[in-house]
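Undergrad: give me a model of this one.
(chains A and B)
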Amino acid sequence: MSVQEVLPLGGVATGQSGDFRTDHRLVAEMVKPGSKVLDVGCGEGDLLQLLETRGIDGRGIELSREGVNRCVAKGLAVVQGDADTDLVNYPDDAFDYVILSQTLQATRQPRVVLENLLRIGRRAIVSFPNFGFWKMRLQLLIGGHMPRTENLPATWYDTANIHFCTIKDFVELCDEINVKMERAIALDLYGRPIPLNLPWWVWNMFGEQGVFLLSRGGGK
Amino acid sequence: MGDVKSIPSPAISADERSHEVDHPSSQVAHFGAEQPLRLDCGVDLTPFQIAYQTYGELNADRSNAVLICHALTGDQHVANVHPVTGKPGWWETLVGPGRPIDPKHYFIICSNVIGGCMGSTGPASINPATGKVWGLEFPVITIPDMVRAQAMLIDRLGIDTLFAVVGGSMGGMQVLQWTAAYPARVFSALAIACATRHSAQNIAFHELGRQAVMADPDWHGGGYADQGIHPHRGLAVARMAAHITYLSDAALHRKFGRRMQDRELPTFSFDADFQVESYLRYQGSSFVERFDANSYLYLTRAMDYFDIAADHGGVLAKAFAEIKTRFCVVSFTSDWLFPTSESRALVHALNASSARVSFAEIETDRGHDAFLLDVPEFLDISRAFLQSAGKARGLKDG
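TA: Alright, predicted model coming up:
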């Protein structure tokens, strides 16, 4: 594993509390107030609204027309677009942070998307469901079928998620394209951060999702 | 086929129409020799006048002014009964009490564009140098010319920064021109069903319309006013062709299908057997009652020439460099005159300029005209966009 540094997060509430999802609050805490943020795949704009309450200048891209229209109706600056095709249109260093929340697995070219995130933003925050999660493993190992969970209920033939990976896979991809991990957090089944003093395989096994704060590596 | 059956003569005489041309029943701003309008073609237009309507009150810090830009054949009567047709304002879905642009909250301004024929100086106006109608002697105007004239009107009204500039189609082009030419004077911009340039297909349709006007023997090389006549047949055909482009196949089919008009069987003639035919003929003939043929030539030309990127070295993003204006761009799925791809190109450029932009495509089968119709999703988005911009501007209840 090549995580250069894994910093603890201060003051992260556990479980589902308040109006916002835990992973959203985790992401929001990683963003410095006053920054400019692009949320790729922003859905109905919940994270952007949370960021706005923290004085963050947020923009969004969303694939679904309904999602975009809901966001615009909330007064958010969101455009309809596709992460796979539209990120190339954004100039270098346009944002302080680019966020890809629970969307990586639905992109056609996760590697290219990741590279674009770190070209457009000085930092990227990526969260995704961990396919190495024990429940997933169990469903494939014992049940012998493609895993389905509460958060990922679609069957294999009608899911938008085409590129699942494990936390371990993602860390290896980051290493390969020379991305520096500033923070890495795994959330358990209840959305609680898993203690950081545990070894990596625990994360990969018990993390239901991973949240990563990334920056450009020192160059290879 | 006799021409009585093809396009009926207008019920309103040329005299009635020409009265609105020089003496509109709305407010008028006159600009004398000391304030010429510098046109892109190199001519200084002077003197000139702009006819406009206002609704609502300007607030104490002059921060709630909304400029509505009208489309090709619109005018300043956006939210009041039209003095010629007696019909309601052309954008009563969006503008008016309880509507997204409510005169209770905003000071709403809508001017007739330069080159128009409802009280702003245009080819149907009297040329003060000759005492005759301008006709084709009128200089060719552009979208930037229209916007320059509007800016002079806004100055005259004592407004520094507009809270919002709103428009669809040609009005949307004016919105974009406003933000490119006067970025600091536009707090928010709502650009609907428009593009940063007129496409070859759209220019082609406009040329069809112009040729229809010019082919009318009553056109007289543009000098019909001297003869006391109006090339109403040519203009009606132009309008019929244009009207088809404003709709969609699905909308036409739903509205008319192949249904016949007041008959069971075809007449085996060129009468309007089909409902869609009589609809178009009606659209054409009612249009010529309120619109001047030469004005139609000038305004379509202005749209044809529009290309914001061309004015910025071919790089669209440069037109919006460092812009602070909050944008909302809206397109409609069935609009084939200004398809979503055109709006998307604009949004990409605005993103590249790091502008604060929202973009929504509204699903509807009603075509380009959807922006004038009661399309709830579009109206909701407009309202929400202006409300959030109003919050950022510190407007009460905006």
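Undergrad: where along chain A do the strands fall?
TA: Secondary structure of chain A by DSSP state E: the strands cover A:36-40, A:57-62, A:77-80, A:95-101, A:121-129, A:179-187, A:209-216.
Undergrad: show me what the fourth one is packed against.
TA: The elements that strand A:95-101 packs onto, with contact taken as 3 or more CB pairs under 8 Å, 6 or more residues apart in numbering or on different chains; DSSP states H and E, are helix A:22-30, strand A:36-40, helix A:110-120, strand A:121-129. For every residue, glycine as well, the C-beta is placed using N, CA and C.
Undergrad: mean pLDDT lowest for which of those?
TA: Per-stretch mean pLDDT for the helices and strands packed on strand A:95-101 is lowest at helix A:22-30 (a mean of 87).
Undergrad: may I have it as PDB, with CA atoms only?
TA: Only the C-alpha atoms of helix A:22-30 are listed here, as PDB (Å, rounded to 0.1, in the frame of the first residue of the first chain):
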ATOM      1  CA  THR A  22     -22.400  11.100   7.000                       C
ATOM      2  CA  ASP A  23     -20.300  10.700   3.900                       C
ATOM      3  CA  HIS A  24     -21.400  14.200   2.700                       C
ATOM      4  CA  ARG A  25     -20.500  15.700   6.000                       C
ATOM      5  CA  LEU A  26     -17.200  13.900   5.900                       C
ATOM      6  CA  VAL A  27     -16.500  15.300   2.400                       C
ATOM      7  CA  ALA A  28     -17.600  18.800   3.400                       C
ATOM      8  CA  GLU A  29     -15.200  18.800   6.300                       C
ATOM      9  CA  MET A  30     -12.400  18.100   4.000                       C
END
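Undergrad: what helices or strands is it leaning on?
TA: Short answer (3+ CB pairs under 8 Å, 6+ apart): helix A:22-30 packs on helix A:46-53, strand A:95-101, strand A:121-129, strand A:179-187, strand A:209-216.
Undergrad: how long is stretch A:37-50 end to end?
TA: Distance across stretch A:37-50, first residue to last, is 12 Å (CA to CA, to the nearest Å).
Undergrad: over to stretch B:80-100?
TA: For stretch B:80-100, the end-to-end distance is 16 Å (CA to CA).
Undergrad: with stretch B:138-149 instead?
TA: 16 Å.
Undergrad: grab the nearest non-local neighbour of B:Ser286.
TA: Counting by CB to CB, 6 or more residues apart in numbering or on different chains, the nearest residue to B:Ser286 once its immediate chain neighbours are dropped is B:Thr85, at 7.2 Å.
Undergrad: oh sorry, the question was meant for A:Ile120
TA: Residue nearest to A:Ile120 in three dimensions, not counting chain neighbours: A:Tyr90, with 4.6 Å by CB to CB, 6+ apart.
Undergrad: contacting residues for that neighbour?
TA: Counting by CB atoms under 8 Å, 6 or more residues apart in numbering or on different chains, A:Tyr90 makes contact with A:38, A:116, A:120, B:351-352.
Undergrad: and B:Gly171, by the same measure?
TA: B:Gly171 sits next to B:68-71, B:74, B:192, B:194 when contact means CB under 8 Å, 6+ apart.
Undergrad: circling back: can you lay out the helices and strands packed on strand A:95-101 as JSON lines showing distance to B:Asp44?
TA: Below are the helices and strands packed on strand A:95-101 laid out as JSON lines (distance: least, CB to CB, whole Å):
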{"stretch": "helix A:22-30", "distance to B:Asp44": "56"}
{"stretch": "strand A:36-40", "distance to B:Asp44": "44"}
{"stretch": "helix A:110-120", "distance to B:Asp44": "46"}
{"stretch": "strand A:121-129", "distance to B:Asp44": "49"}
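Undergrad: still on that earlier bit, quick one: the contacts of B:Gly171 as CSV, columns for neighbour count and pLDDT too.
TA: Shown next, in CSV, are the contacts of B:Gly171 (neighbours: other CB atoms under 10 Å in any protein chain shown; pLDDT from 0 to 100):
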residue, neighbour count, pLDDT
B:Ile68, 31, 98
B:Cys69, 31, 98
B:His70, 25, 98
B:Ala71, 27, 98
B:Gly74, 25, 96
B:Ile192, 28, 98
B:Cys194, 31, 98
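Undergrad: just put those in TSV and tack on secondary structure and distance to A:Thr149.
TA: Listed next are those as TSV, based on DSSP: H, G, I helix; E, B strand; the rest coil; distance: CB to CB, whole Å:
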residue	secondary structure	distance to A:Thr149
B:Ile68	strand	51
B:Cys69	strand	51
B:His70	coil	54
B:Ala71	coil	51
B:Gly74	coil	54
B:Ile192	strand	42
B:Cys194	coil	45
